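sequence unknown, structure follows:
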């Protein structure tokens, strides 16, 4: 389950806790936890990066439904947001993570309107990363998470799936995927060393 929160909140909490937490001097962060990993992102940094005029894309209904299930929200705050404003997302193992805009997403879902997001690349999301705790990964675990991402977040074009592992492990992962799954993903290695070694599994 993921959640947004603000640090250094001072004074009495007003009726809307979220609006009240957004005071000068606070830093908005987003914590995401999946089955084995935990990530904490700076939303302020994400907003700065995504505010470069890049286009937004619509999240399909089933993917939006899954995003809502991954996040908490405050009902009081729903009336304080503009659902027309795009959210901000990134990806892990090809699956979407909604860094900013959960309340806008809830409004769009309830009002049966499209929800749009601007996406950060994997490398851009690293610039927003405050802290992460990752478990040791094996090929079977990576394949399982890639397949979950394809199930919950289907796309019309191959999706970027940057994975922190060795090129050898990525080749083993590609071998375990079906030809159809390989066509849906652009697998590439992003080692912690910073080297960006790209492998296109579409042609494996």
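Ah, there it is. Remember, it's a predicted structure, so these values are computed and weren't measured experimentally.

Show me what the strand or helix carrying residue 63 is packed against.
When elements are assigned from DSSP states H and E, residue 63 belongs to helix 61-69. For helix 61-69, the packing partners by 3 or more C-beta pairs under 8 Å, 6 or more residues apart in numbering; DSSP states H and E come out as strand 95-100, helix 102-110, helix 139-152. Using the backbone N, CA and C atoms, a C-beta is placed for each residue, glycine as well.

Contacts for that helix, please.
Helix 61-69 is contacted by residues 59, 96, 98, 102, 105, 106, 108, 109, 115, 152, 153, 154 when judged by C-beta atoms under 8 Å, 6 or more residues apart in numbering.

pretty sure the third one contacts residue 86?
Read it as residue 98. No - with the criterion set as C-beta atoms under 8 Å, residue 98 and residue 86 do not qualify as a contacting pair; they are 11.0 Å apart.

Which residues are in contact with each of these two?
Shared contacts of residue 98 and residue 86 (C-beta under 8 Å, 6+ apart): residue 117.

The two: who's more crowded?
Looking at residue 98 and residue 86 with other C-beta atoms under 10 Å, you find the greater number of neighbours at residue 98, namely 25 against 20.

and that one, what are its bridge partners?
Per DSSP bridges, the residues bridged to residue 98 are residue 89.

residues contacting it?
2, 67, 70, 71, 87, 88, 89, 105, 117.

Out of the residues you listed, which is nearest to residue 168?
Checking the contacts of residue 98 against residue 168 by C-beta to C-beta gives residue 89 as the nearest, at 29.9 Å.

tell me the SS of residue 40?
Residue 40 carries the three-state label strand when classified by DSSP: H, G, I helix; E, B strand; the rest coil.

so what's it up against?
With C-beta under 8 Å, 6+ apart as the criterion, the residues that contact residue 40 are 29, 30, 31, 32, 129, 130, 131, 132.

Let me know the pLDDT of the spatially most central residue of the chain.
The central residue of the chain, meaning the one whose C-alpha is nearest the mean C-alpha position (C-alpha atoms, centre = their mean), is residue 97 at 1.8 Å. Residue 97 is assigned a predicted lDDT (pLDDT) of 94.

wait, isn't it in contact with residue 32?
Yes - using C-beta under 8 Å, residue 97 is in contact with residue 32, at 5.4 Å.

Which positions within the helix holding residue 63 qualify as buried?
Neighbour-count burial for helix 61-69, with 16 or more other C-beta atoms under 10 Å as criterion, is recorded at 63, 64, 66, 67, 68.

Ok, stretch 150-159 next?
Along stretch 150-159, the positions that meet the burial threshold by neighbour count (16+ other C-beta under 10 Å) are 150, 152, 153, 155, 158, 159.

Stretch 81-97 too?
Taking 16+ other C-beta under 10 Å as the neighbour-count basis, stretch 81-97 is seen to contain the buried residues 81, 83, 86-97.

Distance to residue 22 added to those residues, as a markdown table?
Supplementary listing: these in a markdown table, determined by distance: C-beta to C-beta, whole Å:
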| residue | distance to residue 22 |
| --- | --- |
| 81 | 12 |
| 83 | 18 |
| 86 | 19 |
| 87 | 16 |
| 88 | 16 |
| 89 | 21 |
| 90 | 22 |
| 91 | 26 |
| 92 | 26 |
| 93 | 31 |
| 94 | 32 |
| 95 | 28 |
| 96 | 24 |
| 97 | 21 |
